[in-house]
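Engineer: I would like the atomic coordinates for the input below:
(chains A and B)
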Amino acid sequence: MDESREIGGKTKKHIIGIMVDDHPGVMSKLSSLFARRGFNIDSIVVGKSAHPGMAHIVISVVANDEIIEQLEKQVNKLIDVAKITDLAPAQSVIREHCLVKVASTEKSREDIINIAKIHKAKVLDINHSSIIVEIVGRPAKIENFIELMGKYGIKEVSRTGINALQRGTK
Amino acid sequence: MQGSEAIIKTLIEEKAEHVFGFPGGAVMPIYDKFLDYEDELRHILVRHEQAAAHAADGYAKISGKAGVCLATSGPGATNLVTGIMTAYMDSVPLIALAGNVPTSLLGNDAFQESDMMGITMPITKHNFQIRDPNTIRSKIRKAFKIAQHGRPGPVYIDIPKDSQVKEVTKDINNVLIAGFKPVLKGHPVQIKKAAEMILKAECPVILAGGGILISKAYAELGELAEGMSIPVTTTFMGKSCFPETHPLCLGVIGMHGRKVANYAIGNADLIINVGCRFSDRITGDLKTFASGAKIIHIDIDSAEIGKNVKIDLPIVGDAKQVLSELVKIIKLKAPKSRGWAEKIKKFIKDCDCAIDVKGSPLDPRKIMFELNRILGKEDILSTGTGQHQMFAMHFVKRDVPHTFISSGGAGTMGYGFPAAIGAKVAKPDAQVFDLDGDGSFAMVIQELATCKEENIKVIPVIMNNAYLGMVRQWMELFVDKRYSGVHLKRTPDFAKVAEAYGLEGITVERDSELREAFERAYKADSTVLIDVITQEEANILPMFSAGANNVDMFGGCIQNKGELF
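Structural biologist: The predicted structure is shown next:
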C-alpha cells in the first residue's frame, strides 16, 4: 500500500480572486459548482471590477492544497471565468468590512466608543440602547473587536467576508 | 429575418445537417422554418425527447461533430435532461436546443415553463439563454465552439418564444469567449520527461481512454505502442481506439474488464494514461490502485489530472499533439528490450476463452460470438446499459475506431437504441447493431416508430434474460439472492411489438437459430428486431467488487489472482 497515493494533507485558509463575465447567472454557476463538488466556502465578495463588463469575486476557503488545486481547475473550466488569481497573504492586501450593533447604556457608551477609537473603527449610529460601529481590517482584527464587544452585548453583526487584491503591478 | 430563421441558418452555418427533435408550442416558429430549409437541414422526428438527445449523442460520436437535438419548453426540455447528462459524462459535443415561454412570462410559472438554465447548469459545459434575437447567431456559434473544442461536452440553449418570432435587426457575429482557451499543446519539457520515463520503464502499460477517440490520436497511439512494445489497455470509453485483435491489446480494463488488463496495471512500473479520467469503475480502491507504478497522465482537461489519483507527471494537452511529439522524441532513442510485453502476450491469449457456447436458452457469450462473426470492420455496435453492455465490452472485439458506442460515465439505460439511430444517420453505409437488454430496450421501445417512419435501419438485438440482469447479479452476489423488483418475466413479446410498428421481429429461442437471424437482419433493407431468449441467471464475469482492489477479480477464464507471473 502506498500512502502517498492518497490525496489529502493539511488544511489552511486560501483566498482566490476570480474575474468573471458580469451577467446574470454567473454567481449561481459558481455557487452550484461549489455545492456539487463539495467545496466549503467561507465567504464570497462580489463587485464590479476595473474592466467594463467584468466582475471581481473574492472567495475564501479552508482546505488542503489538493482541494484548492481542484477547486481552481474546476472554476477555471467555467466558460464565464476569465482569470483566477491565488491571493496569497504575503503578496496581497486583505481586508474585511464589518458592522457591529452593540448594546449600550449611558454607563457603557463611552467605553465602547473608546475601544472603537483604538481599533480605528467608526461610530455610525448611536441611540439609547445601542451603537453601530463600522470596522475595517484583517479578519483577525475584526474578530478581536467583536470579542471585546461581547462584554457589552452584541445585538447584530454583518460582515462582508474577505476582500483582497494582489500587491504590486501584476 | 425572424429569429427562428436565424436559428436554422446558424445551425447550417455550423455544418449541422440533422436535428433530432420533437415539436411543441414553444418551438413552433422553428418548426415552421424547417419546412423552408428541408434540403439543407433534415429534421428527424423521434417519439420521446430523451431519444432525441441520445440520437444526437450517437450521431456526434460517429460523425465527430456536434449532434443537435430540439425540444419544446417545460416537459419537452426536461425530457432532454437524461440525454444531456449522458453526453456530459462521456464528453460528447451536443447542442441541446429548447424553447421557453416568452421573456415577459419568464419566472412567472407560465404554462410549460421550466427553469432549464438552472436544471442544466451542473450537466452542461455551458448554457445560454437567448433573450435578444440579435444575439442568436453569436450565441449559437459560441455554443458550437464550446461544445466541440477542448474537452467536448453538451451546451444547452434556451430560446424564449418571442426571440424566435421577433425580427433580427442587427447581425452580431462575435464568437470571442474570454474565458475559453483550451490548452492543446503539451509542455515540451513535460513531454521530454515522459519520454525519459517511458525509455527507462521495464513494465509499462498504456491506459488509453476516450480522449484518444475524441482527438483521433489512434495512429500516434499505435506508433507509441508498437514502436516501444508497450501493451495497451483501453477504458470502456476508449474501446476501439486500439485494434482489439492486436497482439499488444489487453482489452478493456475495469470492474468487468479483462483480468490481464487489470493485472497488467497492478504489476506495471509505469502507466501512461492518455485521455482517461481514472473513474472508480477503473481504479477500484484508490489506495491499492497501481501501487507499484509511476503514472503519467496526459489529458486536455487539467481538472482531471490529480482529481482521483496522484500523478507523477502531468501533461495538459491534446492527446494527438502530445503523443506525436512523444513519439518523435522516443524514435530517436533505442528502446529497451521488452520481455514484459512478450510475457504478457501469453496472458492476453489465455483471456480469450472460447465463447461459442452451445445450448438453449442461449448463453450470452454465444450472442457475442455471433456478433463478432457478423459485424463488419466498419459496422457499428451500440449498447444499452447493464449486463449485455458488459458482455459486449468484454467479448466483442472492435478493431476500427468509432465502431462501438455506449453510455459509459452515466450508464444510461435506454441509450443504445436511439444512439444507434443517430449513428446510422451519421454513417448510413454501415450496419448498426444495438445490443440491448430487455430492460434497457423497453425504456425507448417507442423509437421503433422513428426507424419505421424516418426509414432508418438499425438492428436491435435484445439479450432477453427476463431480468434486470445487472441488478439481479448484484443481488445474487452481494445480498444472498434476495431478488427485489428485478424480474421482468419476458413481457412484452418484443417481436410482436416490432410487428405492431410495421417492422420485422424475430424471436430466437435456440442457439442454432441465431446466426440465420443475424444474417437475415443484416441483409434486410429496414429495421429487424431480434429478441434472443437468453439464460435467466447468467452472470457477467470476471469482476471486482465496487471499491475493491482492482486485481481482486473473481470468475472468468484465467484463475490466477492479481499476479501475472
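Engineer: Quick one: distance of stretch A:108-119 to the chain centre.
Structural biologist: Relative to its chain's centre, stretch A:108-119 lies at 25 Å (C-alpha atoms, centre = their mean, to the nearest Å).
Engineer: Stretch B:124-143 now?
Structural biologist: 26 Å.
Engineer: Roughly how far does the residue of the stretch 201-350 of chain B found nearest chain A sit from B:Gly547?
Structural biologist: Across the stretch 201-350 of chain B, no residue is closer to chain A than B:Ala303, which sits at 3.6 Å (C-beta to the nearest C-beta). Using the backbone N, CA and C atoms, a C-beta is placed for each residue, glycine as well. Distance of B:Ala303 to B:Gly547, given as C-beta to C-beta, to the nearest Å: 23 Å.
Engineer: which bits of the stretch 251-400 of chain B sit near chain A?
Structural biologist: Counting by C-beta under 8 Å from any C-beta of the partner chain, the stretch 251-400 of chain B comes close to chain A at B:286-289, B:291, B:301-303, B:306-310.
Engineer: related to what we said a few turns ago, so what's the residue of the stretch 201-350 of chain B closest to chain A up against?
Structural biologist: A:Gln70, A:Lys73, A:Gln74, A:Asn76, A:Lys77 (C-beta atoms under 8 Å, 6 or more residues apart in numbering or on different chains).
Engineer: again, 7 Å this time
Structural biologist: Each residue near B:Ala303 by C-beta atoms under 7 Å, 6 or more residues apart in numbering or on different chains is listed here: A:Gln70, A:Lys73, A:Gln74, A:Lys77.
Engineer: Buried subset of these as a PyMOL selection?
Structural biologist: Here is the PyMOL command that selects only those of the contacts of B:Ala303 that count as buried (16 or more other C-beta atoms under 10 Å in any protein chain shown):
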select buried, chain A and resi 70+73+74+77
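Engineer: Return the member of the contacts of B:Ala303 nearest to A:Thr85.
Structural biologist: For these, the closest approach to A:Thr85 (C-beta to C-beta) belongs to A:Lys73, at 14.3 Å.
Engineer: Would you confirm that the closest one contacts B:Asp299?
Structural biologist: No: the pair A:Lys73 and B:Asp299 fails to qualify as a contact (C-beta atoms under 7 Å) at a distance of 10.9 Å.
Engineer: what's the closest non-adjacent residue to B:Glu13?
Structural biologist: B:Arg141 (7.2 Å; C-beta to C-beta, 6 or more residues apart in numbering or on different chains).
Engineer: quick one: the helix or strand where the one you found lies to chain centroid distance?
Structural biologist: B:Arg141 is part of helix B:136-148, with elements assigned from DSSP states H and E. What separates the centre of helix B:136-148 from the centre of its chain is 23 Å, taken as C-alpha atoms, centre = their mean.
Engineer: Same check on stretch B:527-538?
Structural biologist: With C-alpha atoms, centre = their mean, you get 23 Å for stretch B:527-538.
Engineer: For that stretch, buried residues please.
Structural biologist: Those would be B:Thr527, B:Val528, B:Leu529, B:Ile530, B:Asp531, B:Val532, B:Ile533, B:Thr534, B:Gln535, B:Ala538, for stretch B:527-538 by 16+ other C-beta under 10 Å.
Engineer: Tell me the one of those nearest chain A?
Structural biologist: When these are compared against chain A (criterion: C-beta to the nearest C-beta), the nearest one is B:Ala538, at 35.3 Å.
Engineer: quick one: contacts for the residue nearest to that closest one when sequence neighbours are not counted?
Structural biologist: Leaving aside its chain neighbours, B:Ala538 sits nearest to B:Pro364 (5.2 Å; criterion: C-beta to C-beta, 6+ apart). Shown in contact with B:Pro364 (C-beta under 7 Å, 6+ apart): B:His388, B:Phe391, B:Met463, B:Thr534, B:Ala538.
Engineer: for A:Ala55, helix, strand, or coil?
Structural biologist: Look at A:Ala55: counting by DSSP: H, G, I helix; E, B strand; the rest coil, its state is strand.
Engineer: Leaving out chain neighbours, which residue sits closest to it?
Structural biologist: Nearest residue to A:Ala55, sequence neighbours excluded (C-beta to C-beta, 6+ apart): A:Asp22, at 4.0 Å.
Engineer: so which strand or helix has residue 96?
Structural biologist: Looking at chain A here, since you left the chain open. Assigned by DSSP H and E, A:Glu96 belongs to strand A:92-103.
Engineer: that's the wrong chain, I meant chain B
Structural biologist: strand B:94-100.
Engineer: In its sheet, which strands sit next to that strand, and in what direction?
Structural biologist: Paired neighbours of strand B:94-100 in the sheet (DSSP bridges): strand B:67-71 (parallel), strand B:154-160 (parallel).
Engineer: which is the next helix or strand following it?
Structural biologist: helix B:116-120.
Engineer: Just want to check the distance between the residue nearest to B:Ala538 and chain A.
Structural biologist: B:Pro364 sits at a distance of 36 Å from chain A (criterion: C-beta to the nearest C-beta, to the nearest Å).
Engineer: in chain A, what residue is nearest chain B?
Structural biologist: In chain A, no residue comes nearer to chain B than A:Lys73, which is 3.6 Å away by C-beta to the nearest C-beta.
Engineer: contacting residues for B:Glu454?
Structural biologist: B:Ile44, B:Leu45.
Engineer: whoops, B:Val444 was the one
Structural biologist: B:Val444 makes contact with B:Ala51, B:Gly414, B:Phe417, B:Pro418, according to C-beta under 7 Å, 6+ apart.
Engineer: Before I go, just wanted to say thanks for your time.
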